[in-house]
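Have a look at this fold, sequence not included:
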């Protein structure tokens, strides 16, 4: 009579367990690699689409005065706001009237799910220009950020015009003036598209600032 060795049902083959464990680990690594590659692809697409949208906005708002638009790759910063949206910020320059090089900063949001861009804002960078006054006045600009003022103005414009297509600020028009209660007034001009496809329209803006803290106390626009 031949004896047969039976393995108890409750025990598992250790070799099989190791194989299944290795297979599961490999699958996890492949999933992680796939997710990382997808994220890199989304970021690359976000950068391309946003810079294309910024180029289109500059061309619409500046017309023939903007030539040879370039972006500085080393200054580009991307951030993931949620599962579908990637924020892109960076710097660039274009050749303006008379051949002058005009530097600018920009920001944009890219929705990976719909492959669309929104919230395009670009700012021509430069120093604030104090207005002439009857008596000497030396403003303390150490805590003042024109970019924070312009961000507050952009937010106010988006509140008025939810479909705004693009907003541009002209650094050359900035003026710093004294205001009541030892505050400071930063004023300037810009242009915007009130909705995609509309022609550019000008606006003026004014920020009231506490020069000691740099806090934006009020942002106003006149269209």
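Arrived safely. From a predicted model like this one, the values you see are computed outputs, not experimental measurements.

mind listing the strands for this structure?
67-71, 77-80, 85-95, 101-111, 116-124, 129-130, 166-178, 184-193, 201-210, 215-222 (DSSP state E).

Out of those, name the one with the poorest average pLDDT.
The minimum mean pLDDT among these belongs to strand 129-130 (a mean of 47).

And for residue 64, the neighbour number?
7 (other Cβ atoms under 10 Å). C-betas here are computed from N, CA, C, even on glycine.

My guess is residue 161 contacts residue 195. True?
Yes. Here residue 161 reaches residue 195: they are 7.0 Å apart, a contact under Cβ atoms under 8 Å.

Who has more neighbours out of these two?
More neighbours surround residue 161 than the other of residue 161 and residue 195, with 17 against 11 (other Cβ under 10 Å).

That one and residue 121, how far apart?
Using Cβ to Cβ, to the nearest Å, residue 161 is found at 13 Å from residue 121.

what about the closest residue to residue 163 other than its chain neighbours, distance to residue 205?
Among residues not flanking residue 163 along the chain, residue 195 sits closest, at 4.1 Å (Cβ to Cβ, 6 or more residues apart in numbering). Here residue 195 is placed at a distance of 19 Å from residue 205 (Cβ to Cβ).

Also residue 217?
According to Cβ to Cβ, residue 217 and residue 205 sit 14 Å apart.

out of these two, which sits in the more crowded spot?
Remark: of residue 217 and residue 205, residue 205 carries more neighbours, 24 against 14, as counted by other Cβ under 10 Å.

I'd assumed residue 109 was in contact with residue 49.
No. Judged on Cβ under 8 Å, residue 49 makes no contact with residue 109 at a distance of 10.2 Å.

So residue 178 sits against residue 184, correct?
Yes. Look at residue 178 against residue 184 with Cβ under 8 Å: they come within range, at 6.6 Å.

Between those two, which contacts overlap?
Residues touching both residue 178 and residue 184 (Cβ atoms under 8 Å, 6 or more residues apart in numbering) are residue 139.
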